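In: Just to be clear, the model below is a prediction. Sequence and coordinates:
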Amino acid sequence: MYDLQTLQYLFDVQGYLVVEDVLNSDEVAELNERINEQDLPEPGKVQRFGSAPDGPGFLQWGKSFCSLLDNPTIMDILRFRLGDCFRLDRIYGMYMREGMPRGGLHADYGASSPTSRSKHGEYFPFKDNEIHNGFVVVTWNLADTGPDYGGFCCIPGSHKGNYRLPQEIAVEPEKASCVIIPEAPAGSAILFSEALTHGTAAWNGAHQRRSLLYKYCVSSMAWTSRRVAQPEDIELTDRQKILFRDPADPHRHFPSLF
C-alpha cells in the first residue's frame, strides 16, 4: 500500500481513492452475515438499507459496523482531507442485484451542484499544503465491484472542474470515456469527495452488490438538522463517541479526534 504522502497526492488529483485489503475475509464475512440476519427485501427500485440520520441505522446491527467508524487506516486518510475535527453526518447501505439500472451522475459541491453559484472558469486554490474539503464518503465494499460488475463510478479530477457536467455525458455516462468504474474488491474502501462527479453504474454482476457508506464532514458543517444516533447497548470508544457530536467550531468547541 502507498504511504500517506502518496495517498494524499492521489486523492488531490483524482478526487477519490481505492484502498484495498483494509478488511480481511473474516471481517467481510461477519458484516455480510449480520446483513443477512436482517432479512432485507430483495433489492429492487430501492437500493438503500440501514439509513440514518434519524436513528443509528445499520450501526445497531452489531459492533462490527461500529468498528468501521474509526478504522485506523481510513482515519489517517480522512485526517488530511478533513483536518483533526470532523464528525459522522450520514450512513446508509447499498445493495443491487443483476440487471439493476444505473443512477445519475451528480456532485453535491462545485460547478455541477444544483445549488452552486460558482462562476465559470474561476479556480479556488488551496493554501499551505492543506485541503479542507467539506464532505468525504467512505464506501466499504463487501462484494467485488469494478468494470466487469458495476457499482461506484466517477469522473476523476472533476472535483476541481470549473464547468457544469455536459448534458451528453449526464444522459449517457456509459458511453463517455471520462467516466470510470474503478476496480474495488471485497474488503476495499473507496474514499471520495462529495465535490467529485460520481454515481452508481448499472449492476451486471451475478452476485449481489453490497456496500456500506459512511459520510463524514468537518465538525462545523452538517447536511441536515437531523443527527445519526449512537447505537444502543453497543460499547463505543471515546473517539467513536466524538463522531456523533453536534456540529461545532473545530478545536474551540469540538475536540480533535487524534
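Out: Perfect, thanks for sending it.

In: Centre-most residue in this protein?
Out: In the chain, the centroid-proximal residue (Cα atoms, centre = their mean) is residue 137; its distance is 2.3 Å.

In: can you tell me which residues contact that one?
Out: 190-194, 213-216 (Cβ atoms under 8 Å, 6 or more residues apart in numbering). Any C-beta I mention is one placed from the backbone N, CA and C, and that applies to glycine too.

In: Does the nearest residue in space to residue 30 that is not next to it in sequence belong to a helix, a strand or coil?
Out: Leaving out its chain neighbours, the residue that sits closest to residue 30 by Cβ to Cβ, 6 or more residues apart in numbering is residue 64, at 5.0 Å. Under DSSP: H, G, I helix; E, B strand; the rest coil, the three-state class of residue 64 is helix.

In: ok, back up a step: and the least confident of the contacts of residue 137?
Out: Lowest pLDDT among the contacts of residue 137: residue 194, with 90.

In: would the residue nearest to the centre of the chain count as being in a helix?
Out: No - counting by three-state DSSP, one finds residue 137 to be strand, located in no helix.

In: Bridged to it, which residues?
Out: Assessed by DSSP bridges, residue 137 has beta-bridge partners residue 192, residue 215.

In: Same list (the contacts of residue 137) but as CSV, adding neighbour count and distance to residue 241.
Out: Formatted as CSV, those follow (neighbours: other Cβ atoms under 10 Å; distance: Cβ to Cβ, whole Å):
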residue, neighbour count, distance to residue 241
190, 22, 26
191, 21, 23
192, 24, 26
193, 26, 26
194, 21, 24
213, 18, 21
214, 26, 15
215, 18, 18
216, 24, 15
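
In: Put together JSON lines for these, with distance to residue 90 on each row.
Out: Below are the contacts of residue 137 laid out as JSON lines (distance: Cβ to Cβ, whole Å):
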{"residue": "190", "distance to residue 90": "16"}
{"residue": "191", "distance to residue 90": "15"}
{"residue": "192", "distance to residue 90": "14"}
{"residue": "193", "distance to residue 90": "15"}
{"residue": "194", "distance to residue 90": "11"}
{"residue": "213", "distance to residue 90": "8"}
{"residue": "214", "distance to residue 90": "8"}
{"residue": "215", "distance to residue 90": "4"}
{"residue": "216", "distance to residue 90": "9"}
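
In: what about the strands in this protein?
Out: 16-19, 48-52, 86-96, 135-141, 151-154, 189-193, 198-201, 209-218 (DSSP state E).

In: for the ones you listed, which one ends up most surrounded?
Out: strand 151-154 (a mean of 25; mean count of other Cβ atoms under 10 Å).

In: So which elements touch that strand?
Out: Packed against strand 151-154 by the contact rule (3 or more Cβ pairs under 8 Å, 6 or more residues apart in numbering; DSSP states H and E) you find strand 189-193, strand 198-201, strand 209-218.

In: And for the second one, what's in contact with it?
Out: Translated: strand 198-201. 16, 47, 94, 96, 102-107, 150-155, 173-174, 181, 192.

In: Mean confidence (pLDDT) on that strand, please.
Out: In the prediction, strand 198-201 has an average pLDDT of 94.

In: ok, for residue 82, nearest residue in space, not its chain neighbours?
Out: residue 218 is the one closest to residue 82 (Cβ to Cβ, 6+ apart), at 5.4 Å.

In: contacting residues around residue 242?
Out: By Cβ under 8 Å, 6+ apart, the residues touching residue 242 are 87, 254-255, 257.

In: Just the pLDDT at residue 114, thanks.
Out: At residue 114, pLDDT is 56.

In: rewinding a little: residues in contact with the residue nearest to residue 30?
Out: 27, 30-31, 34.

In: Now do the end-to-end distance for stretch 54-69.
Out: Terminal residues of stretch 54-69 lie 17 Å apart, using Cα to Cα, to the nearest Å.

In: Check stretch 43-61 too.
Out: Rule used - Cα to Cα; the end-to-end distance of stretch 43-61 is 19 Å.
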